[in-house]
Every structure is written in structure tokens, then in C-alpha cells.
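**Student:** Sequence and computational prediction follow.
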Amino acid sequence: MPARSFAQGAELRIAQAISMQAITGEYSYDPIFPDADPDLLLVPDYSTLKMIPWTTVPRAFAIHDCVLLDGNLCPFAPRSILKNVLARYQALGLTPVVAPEIEFYLTEANTDPSAPYQAPISKSGRAENGQSAFSMNMLNELAPFWDEFNAAIDAIGIKGDTWIHEMGLSQYEINLVHGDPQALADQAFMFKYAAKEIAIKHGLNAIFMAKPIAGQPGSSMHLHQSVVDDKGNNIFSHADGSDTERFHHYIGGLQKYLPDLMLLFAPNINSFRRYISGSQAPINLSWGVDNRTTGLRVPLSAPVARRVENRIAGADANPYLMIAASLAAGLAGMEEKLSPSAPETGSAYESSHDLAQTFLAALTQMRQSDSARRLLGDDFVTGFVSVKEIEFQSYLSEIGAWERRFLGPQC
Ligand SMILES: NC(=O)CC[C@H](N)C(=O)O
């Protein structure tokens, strides 16, 4: 059966990949991953089993949980981290509700990494050459891709409620309908996978880098989040529409804890190019009502939909990890009854940065953070920063165009 053999193949490949990481980083000394390089299991979550709509031969996929041989969730796996955070809410009779907004670029297929991404040339021979925010024209020109992509995400149960051309050249945004964080993380993961696969079929690339094109806007994965109690009431708003204290504590938690967790929202060296003053990408964790200059925006809403939109994550973030990190920070804020700063009513770009501005600064901050370890697990933080350190070494080993252009003549 295709479903079974796909699952078995994936189990093997991912278990091998995780074992490879385990023997290269600091945590090769961790008792969970001793030098013996032990096996891990991937257990299919059959509630996620679907036929893949874009393949020409019948294939299925199922998202898996990664478990140790003793049956416990692997403490490094992103889906485990999210499950652990959700269990903490559940123990308090609370259920978080989230909605990610996913931005990405469609480009001509790019097989030369030293060449910049180019806007796609449509079947009519046109390439977009201006920024066409909210325009329908390029959506129509690229209809063969969009028709297949929309049908595919619909078939695998991903519900989008907004679909627009964003500010950048051939940049798009689709917002997912709010719901259960685990389901939405699975959907965001599959959304990116489907877009990339279907784009390749159409001679295009779907690019989820945070800042793929110089001089163009970055791509984000904003996360709207609210919390309901066991009666289904939104705990962030009173019936009269005023904010609850718990809502402000939640925002206080985001402000206190997100800086140490920044590497989960901006997990790549490229991620940090996105946070530019005035670009609609935030530079700090100020909060405000219907204020898109802030990192934490409270959209105008009826009480039932009172929520905060965390605008920090890039489209390159792992959806499981960034949802887990945001929910864990907010929960800690409610537990510790933290107070947020005064709301920003002007431009938050007038205030200074309060987040790490480089990959290495975010990595160092997370590695040294007791609160990151307390919120998401000691093993996870050690493992994650170890992998990121290896990536940084890999980055240093490659010499780029800027260095040749500026330093070659000067040095
Ligand atoms: N829709 C928007 O608010 C634009 C967000 C912007 N592209 C960013 O990178 O954050």
C-alpha cells in the first residue's frame, strides 16, 4: 500500500537524519543520545493521512510523531514541543486558538544559487515589474499554478480565508482559518510543502525565505492567538468588549519571554534581514490596537474574537516551534501575572529594537537562557542551538558576492 511504504520510508530517513544531528553537536554527550547513536521511531498520526493531490501516481502522506524506544515523545521533535505546551494549557482547562498568516514569493525556477530570484514569466509572456499589492492581474496570469494549488490545499483540508497579492514583486499571502494549534501547525507545514512541490510542476519556485529579494519586503508568518476556557468563552475579553486582565498578562508574557526565544521566530541568518524600520516588519515587541508598526498587534474585534497577533515570525520559521514558543510565553505571562508596557498609539518604529538583531546574537541569547529551557525543555534548547551552530559554521565556509564586490577591490 502506498501509504504504508511512504510512512516506513519517512520513518527511516528522518530517524537517520536526527541521529546524524545527534552525533555532531554538543548534545552527543546527552544521555538520551549517547555515542551509540540509538534508534528513534516515527509513529504515523493517521488522523493526518491524506492522498497527495499533486502527484501523477497515487501517493499518500501522514504526519508522524517522533518517539523514543521507551514510547516517550522525542524531546527534540518540533511536534513534541508543541504537544507539551498544549498539555500545559489543557491541565488548566484552557484551549489556545491560533491562525497563521503565510507569506511567500513565487519566482522563476532558480537553479543557480548565485543568481537573484526573478519574478515569474506567465504563459502570456509577461513578468510582473512593479509592486502590485492587492492586484488580481498576476493572480490571473499565474492561474495554472493557483488553480492547482488551491484545489490541492482544499483537498488536504487546509482552509484559507484570505488570499492576496502582497506588497512585494510576485509576493502572496494566504491566511488560514483559526483553530486548534496542532492542526494549524500541521496545515502550515503541509501548506509550504504543497506550494513548493506544485510550483516546481509549473516551472516556478515557491520561496518561504524571510527576505529572499534585496529591496523587496520580507515574508512573515504572523500568528493570531486567543485562549478559550472549558465553556468555550474567549478569556481575553469581557462580555462588554473590554480586555481582561489575563489578556494583558498574556501580552506581558510575550514581551518578557519572546526575546530569549527569538531564534524560533527567526531561525536563519537570512531571517534578520527582514526586520527593517518602516517595512511593516516589526523591530520590537511594543503592542498596540490595530497598529501594524508593533510586534504585537491587537486587531479590532468582537469579544468572541479578541486576540493578539504576534508579527515577529518570518515565513521561514518552523510552524510547530513558533506556535509552541508564542503560546508558552503567553501562558507564562498569565501564570506570573506579568504586566505589558503601555500600548503604542503612534509608530513603534520610533522606539528602539528590543530583539536580537543578528542570528548569532539570538543563538547566544537562547543558549544562555534559563527561561527558554524552562518553557520548552533543556534537551530541546541544547539540541536546537547545537544544530544552528553547525549551520553558522556552514555559512562561514562560503564566500558570497558582497565580499567579492566590496572587499576584493578594497582589501
Ligand atoms: N501583511 C503585512 O503586514 C506585511 C508583513 C511583512 N511582509 C513582514 O515581513 O512582516
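**Tutor:** Thanks, I have the structure now. Numbers count the residues shown, from 1 in each chain.
**Student:** now the helices for this structure?
**Tutor:** Ranges of helices within the chain are 2-24, 78-91, 137-141, 143-155, 181-201, 245-257, 262-265, 319-335, 359-367, 370-376, 378-396, 401-402, 408-410, based on DSSP state H.
**Student:** Distance of the residue of the stretch 301-411 of the chain found nearest the ligand relative to S80?
**Tutor:** Per Cβ to the nearest ligand atom, R311 is where the stretch 301-411 of the chain lies closest to the ligand, at 6.0 Å. Where C-beta positions appear, they are placed from N, C-alpha and C, glycine not excepted. Per Cβ to Cβ, to the nearest Å, R311 is found 26 Å from S80.
**Student:** if we can go back for a sec, format the helices of the chain as CSV; extra columns: mean neighbour count and distance to the ligand.
**Tutor:** Output for those, formatted as CSV (neighbours: other Cβ atoms under 10 Å; distance: least, Cβ to the nearest ligand atom, whole Å):
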stretch, mean neighbour count, distance to the ligand
helix 2-24, 14, 29
helix 78-91, 18, 22
helix 137-141, 16, 16
helix 143-155, 17, 19
helix 181-201, 20, 16
helix 245-257, 22, 16
helix 262-265, 27, 11
helix 319-335, 25, 13
helix 359-367, 19, 17
helix 370-376, 19, 23
helix 378-396, 17, 21
helix 401-402, 9, 22
helix 408-410, 7, 32
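**Student:** okay, the angle between the longest strand seen in the chain and helix 245-257?
**Tutor:** Taking DSSP state E as the criterion, the chain has its longest strand at strand 95-108. On the basis of axes from the mean of the first three to the mean of the last three Cα atoms, to 10 degrees, strand 95-108 is oriented at 50 degrees to helix 245-257.
**Student:** report the angle between the axes of strand 95-108 and helix 78-91?
**Tutor:** Using the same axes, to 10 degrees, the direction of strand 95-108 lies 150 degrees away from that of helix 78-91.
**Student:** Going forward, count from 35.
**Tutor:** Shifting the count to begin at 35 puts that one at strand 129-142.
**Student:** mean confidence score for strand 129-142?
**Tutor:** Mean pLDDT, strand 129-142: 97.
**Student:** do stretch 346-361 as well
**Tutor:** Average pLDDT, stretch 346-361: 98.
**Student:** do stretch 257-272 as well
**Tutor:** Averaged across stretch 257-272, pLDDT comes to 97.
**Student:** Can you give me the end-to-end span of it?
**Tutor:** By Cα to Cα, to the nearest Å, the extent of stretch 257-272 from end to end equals 22 Å.
**Student:** what's that stretch in contact with?
**Tutor:** Applying Cβ atoms under 8 Å, 6 or more residues apart in numbering, the contact partners of stretch 257-272 are 123, 127-135, 212, 277-278, 280-281, 284, 333, 335, 337-344, 347, 356-357, 360-361, 364.
**Student:** Listing request: residues of the stretch 285-434 of the chain with sub-threshold pLDDT.
**Tutor:** For the stretch 285-434 of the chain, no stretch has pLDDT under 70.
**Student:** In it, which residue sits closest to the ligand?
**Tutor:** For the stretch 285-434 of the chain, Cβ to the nearest ligand atom, closest residue to the ligand: A315, 3.5 Å.
**Student:** Could you pull up phi and psi at the nearest residue to that residue once chain neighbours are set aside?
**Tutor:** Nearest non-adjacent residue to A315, counting by Cβ to Cβ, 6 or more residues apart in numbering: R308, 4.8 Å away. Main-chain torsions, R308, degrees, to the nearest 10: phi -80, psi -30.
**Student:** All set, thanks.
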